[in-house]
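>>> Let's see this in three dimensions:
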Amino acid sequence: MRTVIAENTVIADYWHALDERTIQCDLCPRFCHIHPGQHGLCFVRQNIDQQLALNSYGRSSGFVIDPIEKKPLNHFYPGTPILSFGTAGCNLACKFCQNWDISKSRELHTLSSHASPQAIAQAAGAHGCNSVAYTYNDPVVFHEYAIDTAQACRELGIHSVAVTAGYVCDAPREEFYRHMDAANVDLKAFSESFYRNVAGGHLQPVLETLLYLKHQTSVWLEITTLLIPGENDSTAELQALTQWVVDNLGCDVPIHFTAFHPDWKMTNKPPTPAGILLNARKIALANGVRYAYVGNVHNKQASSSYCHACGQLLIGRDWHQLSEWRLDANGCCQNCGAAFAGRFNPQPGTWGAKRQALTFG
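So this is what the prediction gives:
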């Protein structure tokens, strides 16, 4: 049971006292030193009476049913609906944040929706959702709320999906992913300088999260890299990134290369041309990545899934709408019988590209 100290505020996990006034948050590699009344960089973890508190528990910026392909997850029960929500705050400081109005919010009144973990799980079941996604801002910062929701979901047979930058310490990482069934991790770049100067963090903890997920859990893993012209899209960097994935995670981990649009503190950059995304996909495939996709642009060919053995089109995608489906009941290619990596139902979901907002009483 969580210790409640105020409305929507609970004592947080992973911290220790530095002295009689100051505490250190041990959730992520920032290790924020937080004085009385102050917040960590994420804003939602606060020193209240010399205890670390999460002040966004049970509060959300909104609840929406999305297609699971929007997370993006292309190999985790395609075509199914997923109930998605986030809170406020983030433990990175990406200048290009595409959800800055949520992740950079410093106003808790923006969290106008309220729902308990049990209510979220019940709503997902009532609306036919296979899964719940912790997304929009990073679930690392609402660790306790996400875990409690995932536990409530698991009791009802509903999957949990983390959409995250993977910037978290060892012990909370291990606890968090015991409750997750799938994750899409943002690998924002493959250089320490980008992480330090553009994202406000470090690369190595993200790589450690990817290695942990792949080799020490049963969590289904996909990766997203948002390509920003002139920042993280060089051929050399994409070669290094995709080769690292194949060498360290294997060839079956899907990678999504998605388009940037000018936003937040990076409005001086142009939107990502489709050609940059297609070049990244070409590099990934040449380096042995079996499943490479482009996103935030309309390209059915580069958004669809193909058999790695015979080249057969297996799952057609037009934006977030499924078209062709050529997997057998065991999730294998109908043409040659080769296994297709992922988690699948015998038949595809039929949610399509719909987006449906939910409200809680």
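>>> Give me the secondary structure label for Phe142.
Under DSSP: H, G, I helix; E, B strand; the rest coil, the three-state class of Phe142 is helix.
>>> Next, the contact list for the closest residue in space to it that isn't next to it in sequence, please.
Nearest non-adjacent residue to Phe142, counting by Cβ to Cβ, 6 or more residues apart in numbering: Thr87, 4.6 Å away. All C-beta atoms are positioned from the backbone trio N, CA, C, and that covers glycine. Thr87 makes contact with 44, 56, 59-61, 102, 111, 137, 141-142, 145, according to Cβ atoms under 8 Å, 6 or more residues apart in numbering.
>>> Next, format those residues as JSON lines and append neighbour count, pLDDT and secondary structure.
Output for these, formatted as JSON lines (neighbours: other Cβ atoms under 10 Å; pLDDT from 0 to 100; DSSP: H, G, I helix; E, B strand; the rest coil):
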{"residue": "Val44", "neighbour count": "27", "pLDDT": "94", "secondary structure": "coil"}
{"residue": "Ser56", "neighbour count": "28", "pLDDT": "94", "secondary structure": "coil"}
{"residue": "Arg59", "neighbour count": "23", "pLDDT": "92", "secondary structure": "strand"}
{"residue": "Ser60", "neighbour count": "25", "pLDDT": "92", "secondary structure": "strand"}
{"residue": "Ser61", "neighbour count": "21", "pLDDT": "85", "secondary structure": "coil"}
{"residue": "Ile102", "neighbour count": "20", "pLDDT": "60", "secondary structure": "helix"}
{"residue": "Leu111", "neighbour count": "22", "pLDDT": "65", "secondary structure": "coil"}
{"residue": "Asn137", "neighbour count": "32", "pLDDT": "93", "secondary structure": "coil"}
{"residue": "Val141", "neighbour count": "31", "pLDDT": "97", "secondary structure": "helix"}
{"residue": "Phe142", "neighbour count": "28", "pLDDT": "97", "secondary structure": "helix"}
{"residue": "Tyr145", "neighbour count": "27", "pLDDT": "98", "secondary structure": "helix"}
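>>> Show me the shaky parts of the stretch 51-200 of the chain.
For the stretch 51-200 of the chain, the stretches flagged by pLDDT under 70 are 99-112.
>>> could you redo the last one with a cut-off of 80?
Along the stretch 51-200 of the chain, segments meeting pLDDT under 80 span 98-112.
>>> all strands for the stretch 1-150 of the chain, in order.
Along the stretch 1-150 of the chain, the segments classed as strands by DSSP state E, counting those that start in this stretch run 4-6, 9-11, 15-17, 23-25, 33-34, 45-48, 51-54, 59-60, 62-67, 81-86, 113-114, 131-134.
>>> same check, this time on the stretch 151-300 of the chain
Going by DSSP E, counting those that start in this stretch, the stretch 151-300 of the chain shows strands at 159-164, 182-186, 220-227, 255-259, 292-295.
>>> where along the protein do the helices fall?
Using DSSP state H, the helices of the chain run over 100-103, 117-126, 143-155, 170-177, 192-194, 204-216, 235-248, 274-286, 300-303.
>>> Check whether Lys71 really touches Ala183, as I assumed.
No: using Cβ atoms under 8 Å, Lys71 makes no contact with Ala183, being 9.5 Å away.
>>> Please say which of these two ends up with more neighbours.
Higher neighbour count among Lys71 and Ala183: Ala183, with 27 against 23, using other Cβ atoms under 10 Å.
>>> Could you verify my assumption that the more buried one touches Leu221?
Yes: with contacts counted by Cβ under 8 Å, Ala183 reaches Leu221, the gap being 5.7 Å.
>>> about what we covered before: would TSV of the strands of the stretch 1-150 of the chain with distance to Thr267 be doable?
Converted to TSV, the strands of the stretch 1-150 of the chain look like this (distance: least, Cβ to Cβ, whole Å):
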stretch	distance to Thr267
strand 4-6	38
strand 9-11	35
strand 15-17	36
strand 23-25	31
strand 33-34	31
strand 45-48	29
strand 51-54	32
strand 59-60	28
strand 62-67	25
strand 81-86	23
strand 113-114	29
strand 131-134	28
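>>> Would you map out the domains in the chain?
According to automatic domain parsing, the chain comprises the domains 4-54, 59-358.
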